[in-house]
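*Asks:* kindly return the folded structure for what I paste below:
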Amino acid sequence: MNDSTDQRRPETVPVTKAVVPAAGLGTRFLPATKATPKEMLPIVDKPAIQYVVEEAVAADLHDVLMITGRSKRSIEDHFDRAYELEEALEAKGDEERLRSVRESSDLAQMHYVRQGEPRGLGHAVLCAKAHVGDNPFAVLLGDDLIDSADLLRRMIQVREEYGGSVVALMEVEPEQVSLYGCAGIEPTDEDDVVTVTDLVEKPDPEQAPSRWAIIGRYVCDPAIFPVLQETPPGRGGEIQLTDALRELTRYKPEDGGTVRGVLFRGRRYDTGNRADYIRTVVDFAFRRPELAAELLPWMREFVDRRGSGRP
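*Replies:* Prediction:
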């Protein structure tokens with residue numbers, strides 16, 4: 001039975017590992033992703049996947065397991081040393097670019113495992129079982145960029161306070177609920193924490209339990225693994241992590257049950273969507289003073305031209 005009480009359950013095992021599923025085909029960005037992983041598409045001058053790893057590291061998760069697939073070798077290369085390039089930059093005395101190149105290889109202790117076939121997010125997480133073992137772990141989806149590490153830190157804190165699993169929830173418009181897994185929720189004595197009573201993957205708007213949608217950050221109890229092993233393919237013929245978490249809401253707390261939600265009201269970027277990807281690049285570019293100074297006059301002129309119908 002689901003236990004929705006507010007009793008805290010201190011856990012002695014800390015969250016130290018992050019799992020980043022990166023085995024998707026990236027079909028929405030074809031033909032760009034025919035030979036380049038969607039995770040390696042640049043946000044200004046860094047690939048999207050590096051921002052995700054930086055977020056994990058900022059939350060003190062220095063052990064990162066990447067779940068990859070075919071044609072994803074460039075992800076491994078990006079987080080590895082590039083000795084010839086480093087030597088060339090060093091010879092030129094280009095210290096700034098040398099630091100940027102070394103930064104990615106020094107970020108975290110990186111590990112890799114291949115998802116043999118694209119069988120869904122739940123199956124990708126299941127591929128992490130041998131590496132994670134009996135420890136709680138975070139899952140960060142590469143499509144979602146979160147503007148700070150505060151959300152992930154808070155989720156880890158909630159896991160340490162209550163045990164069980166934790167999902168990040170963001171309120172969306174009614175017409176968008178069918179794009180996400182949505183949660184039925186009950187309040188707790190903390191404003192930003194709820195107890196999750198139900199989860200539905202991409203529901204019809206009239207059947208959604210709420211407008212609070214799961215975004216791509218999770219902290220999972222290791223009890224998720226045996227549940228995933230028994231979870232049949234769901235929507236889209238894939239093994240859905242949402243379905244396994246829904247099953248966990250029915251477990252007793254001592255068996256790894258209970259699922260909490262952290263309500264996120266910050267800024268999130270969905271780089272798996274083409275229009276949002278472009279908005280993300282523009283937003284991140286304007287955070288760079290040297291780029292903003294050049295781009296802002298151009299953008300104002302561009303908007304004026306488009307508004308007046310001029311070419």
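*Asks:* V64 - that's part of a strand, no?
*Replies:* Yes - according to DSSP: H, G, I helix; E, B strand; the rest coil, V64 belongs to a strand.
*Asks:* what are the buried residues along stretch 26-35?
*Replies:* Across stretch 26-35, burial judged by 16 or more other CB atoms under 10 Å covers G26, F29, T33. In this view, the C-beta of every residue, glycine as well, is placed from N, C-alpha and C.
*Asks:* with stretch 159-172 instead?
*Replies:* Within stretch 159-172, the residues scored as buried using 16+ other CB under 10 Å are R159, E160, Y162, G163, G164, S165, V166, V167, A168, L169, M170, V172.
*Asks:* got these as a markdown table, with pLDDT columns?
*Replies:* A markdown table is the format used below for the buried residues of stretch 159-172 (pLDDT from 0 to 100):
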| residue | pLDDT |
| --- | --- |
| R159 | 94 |
| E160 | 92 |
| Y162 | 88 |
| G163 | 90 |
| G164 | 92 |
| S165 | 94 |
| V166 | 96 |
| V167 | 96 |
| A168 | 96 |
| L169 | 96 |
| M170 | 93 |
| V172 | 91 |
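*Asks:* quick one: which of the residues you listed is nearest A82?
*Replies:* Among the buried residues of stretch 159-172, A168 lies closest to A82 (CB to CB), at 33.6 Å.
*Asks:* is it true that that closest one lies in a strand?
*Replies:* Yes - when three-state DSSP is applied, A168 is found to be in a strand.
*Asks:* so who does it touch?
*Replies:* A168 is in contact with L151, M155, I214, I215, G216, R217, Y218, G261, V262, F264, counting by CB atoms under 8 Å, 6 or more residues apart in numbering.
*Asks:* okay, now the unreliable bits of the stretch 101-250 of the chain?
*Replies:* Nowhere does the stretch 101-250 of the chain drop to pLDDT under 70.
*Asks:* circling back: nearest to Q50 among the buried residues of stretch 159-172?
*Replies:* Relative to Q50, the closest of those is A168; by CB to CB it sits at 20.3 Å.
*Asks:* for that closest one, which non-adjacent residue is spatially closest?
*Replies:* Spatial nearest neighbour of A168, chain neighbours left out: R217 (4.0 Å); criterion: CB to CB, 6 or more residues apart in numbering.
*Asks:* show me what that neighbour is bridged to.
*Replies:* With DSSP bridges applied, R217 shows beta-bridge pairing to L140.
*Asks:* does it touch R153 like I think?
*Replies:* No - using CB atoms under 8 Å, R217 makes no contact with R153, being 10.8 Å away.
*Asks:* which of these two has more residues huddled nearby?
*Replies:* A direct count of neighbours by other CB atoms under 10 Å for R217 and R153 places R217 higher, at 26 against 15.
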